[in-house]
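> Return atomic coordinates for the entry below.
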Amino acid sequence: QARLVESGGGSVQAGGSLRLSCVASVSTYCMAWFRKAPGTDIEGFASIDKFDLKNYTDSVKGRFTISKDDAKSSLYLQMNSLKAEDTAMYYCAARGQRPCRPLEVDFLDWGQGTQVTVPS
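Numbers count the residues shown, from 1 in each chain. Now for the predicted structure:
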């Protein structure tokens with residue numbers, strides 16, 4: 001079981017950028033980013049596997065980039081061109097096996113979340 005700790009959230013104006021980090025206690029096959037805005041369901045939007053294969057949903061494709069540093073057991077999310085609708089609590093999650101996709105039901109290990117706010 002992986003322990004995950006996110007950081008890097010904050011408040012940024014629309015059009016700005018943020019970089020989130022997630023440090024894992026152990027290496028895993030797959031890691032992903034999710035977010036949850038008030039009143040909405042949790043949304044998975046990016047995943048990356050041990051072979052560096054990445055998946056994105058259309059909501060973030062072209063604006064967000066998922067990456068990892070295996071030596072640091074760290075996952076990153078570079079967020080550019082932020083919009084008010086990106087405001088949410090952002091979570092990283094880990095999974096020890098295939099498949100690797102940003103689907104909530106696939107993940108058992110979660111971080112505590114980091115808040116991203118983009119004022120409208």
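> from here on, contacts and neighbour counts on C-alpha atoms
Noted.
> Dead centre of this structure: give me the residue that sits there.
Trp33 (2.2 Å; Cα atoms, centre = their mean).
> these two touch, right, that one and Ala46?
Yes: assessed by Cα atoms under 8 Å, Trp33 is found in contact with Ala46 at 5.3 Å.
> what touches both of those two?
Pro102 (Cα atoms under 8 Å, 6 or more residues apart in numbering).
> if we can go back for a sec, give the full set of residues in contact with the residue nearest to the centre of the chain.
44-47, 77, 90-93, 102.
> Could you report the distance from it to Gln13?
Separation of Trp33 from Gln13 (Cα to Cα, to the nearest Å) stands at 21 Å.
> what about the strands in this protein?
In the chain, the segments counted as strands under DSSP state E are 4-7, 10-11, 18-24, 30-36, 43-49, 54-56, 64-69, 74-79, 88-95, 109-110, 114-117.
> Make a markdown table out of those strands and add mean pLDDT.
Listed next are the strands of the chain as a markdown table, based on pLDDT from 0 to 100:
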| stretch | mean pLDDT |
| --- | --- |
| strand 4-7 | 97 |
| strand 10-11 | 98 |
| strand 18-24 | 98 |
| strand 30-36 | 98 |
| strand 43-49 | 98 |
| strand 54-56 | 97 |
| strand 64-69 | 97 |
| strand 74-79 | 98 |
| strand 88-95 | 98 |
| strand 109-110 | 96 |
| strand 114-117 | 98 |
